[in-house]
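In: Provide a 3D model corresponding to the input given below.
(one chain, ligands or ions: 1)
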Amino acid sequence: MSHRLPVIGLLADVKTIGQHPFHAVTEKYIDAVAHGARALPLLIPAGGAGRDLQALDTLYGAEELLERLDGLFLPGSLSNVAPPLYGAPADPQMLGDAQRDATSLALIRAAIARGVPLFAVCRGFQELNVALGGTLHPRLHEIPGRLDHCEPADQPREVQYAPAHPVRLLAGGVLAGLAGSEQAMVNSLHWQGVATLAPGLIVEALAPDGQVEAARVAAASAFALGVQWHPEWKFRDNPLSSALFAAFGEAARQRLQGR
Ligand SMILES: N[C@@H](CCC(=O)NCCCC(=O)O)C(=O)O
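Out: Residues are numbered from 1 along each chain as shown. Now for the predicted structure:
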């Protein structure tokens, strides 16, 4: 029995700090993957061509990267999946990250095909939906009847990441099983959301306004789930969040032991 930690890759965002582009992952995701999933966190560069970067897919593909990983984590981000990737017109007003888009969608498809455990949060959940053929609403709060799913921008992060609305966890789903309940309170920090759910995804959670808030990959041989909320935020204080990262880590450990 191996006591080595499973290696879980976290896909980075590209952010400009000063005059230079950086590839970064918010620390709370690293903490939740390391201590919640009990894994070795490995940050993955967003491989599309950048100001100072030749596209990394000229050097290695998703398959070669996944051979090194026991799990793949797709973090949230202020940036948005480019609308043309789900058949919508480009929106120059929208903050994007083409370098992350260029890596995430192919990596998600390859991870699912190879049975690499996958956990996607917020933007990551939206990428999962788009990668498998779904579409997004770019501004949920503009749809009549929808809640405003955005965080209060002028508030401290403790307020922004506080529970914002309930979700119904669908009976028989992974989340309902982990929660031991069909209801949970979740935070909400997103403009965008699932419009059409990708074929092959099964709804795991719904907001009161009918917004899909979580889904799992039906055909996945391992843990493969995305959530629109932020379970990484103070996961130690939230039994469902802790159970989610523990289940993800266990799936990665199973892959490690099988390799
Ligand atoms: N930009 C998309 C996705 C939202 C998202 O991932 N928010 C989290 C940002 C900060 C963090 O990583 O906690 C949208 O607005 O829908």
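In: Helices of the stretch 101-250 of the chain, residue ranges please.
Out: 123-131, 157-160, 174-179, 239-258 (DSSP state H, counting those that start in this stretch).
In: Mind giving me the packing neighbours of the first one?
Out: It refers to helix 123-131. Using 3 or more CB pairs under 8 Å, 6 or more residues apart in numbering; DSSP states H and E as the contact test, the elements touching helix 123-131 are strand 71-74, helix 98-114, strand 118-121, strand 136-137, strand 193-194, strand 212-217, strand 224-227. For glycine as for every other residue, the C-beta is placed from the backbone atoms N, C-alpha and C.
In: If we use 6 Å, what do you get?
Out: helix 98-114, strand 224-227 (3 or more CB pairs under 6 Å, 6 or more residues apart in numbering; DSSP states H and E).
In: any idea how far residue 14 is from residue 245?
Out: Taking CB to CB, to the nearest Å as the measure, residue 14 and residue 245 are separated by 25 Å.
In: quick one, which of the two is more surrounded?
Out: More neighbours surround residue 245 than the other of residue 14 and residue 245, with 25 against 21 (other CB atoms under 10 Å).
In: just for this structure, where's the confidence low?
Out: 1-2 (pLDDT under 70).
In: Show me what from it comes close to the ligand.
Out: 26, 75-80, 122-123, 189-192, 230 (CB under 6 Å from any ligand atom).
In: count of neighbours near residue 199?
Out: 9.
In: What residue, apart from its backbone neighbours, is nearest it spatially?
Out: residue 133 (5.6 Å; CB to CB, 6 or more residues apart in numbering).
In: and what of residue 20?
Out: residue 52 (7.3 Å).
In: What is the burial count for the one you found?
Out: 7.
In: ok, now residue 18?
Out: 6.
In: The one 4 residues further on now?
Out: A total of 11 residues lie near residue 22 under the criterion other CB under 10 Å.
In: How about the secondary structure of it?
Out: Following DSSP: H, G, I helix; E, B strand; the rest coil, the label given to residue 22 is strand.
In: And residue 46, by the same measure?
Out: coil.
In: What about it, how many residues nearby?
Out: The tally of other residues near residue 46 (other CB under 10 Å) stands at 25.
In: do residue 62 as well
Out: 22.
In: Not counting its neighbours along the chain, what's nearest it?
Out: residue 110 (3.7 Å).
In: Equivalent analysis for residue 100, please.
Out: residue 46 (4.1 Å).
In: Now do the buried residues in stretch 171-181.
Out: Buried residues in stretch 171-181, defined by neighbour count with 16 or more other CB atoms under 10 Å: 173-176, 178-179.
In: likewise stretch 235-247?
Out: Buried-residue list, stretch 235-247, by 16+ other CB under 10 Å: 235, 238, 240-245, 247.
In: quick one: which two of those are the most distant?
Out: 238 and 247 (13.9 Å; CB to CB).
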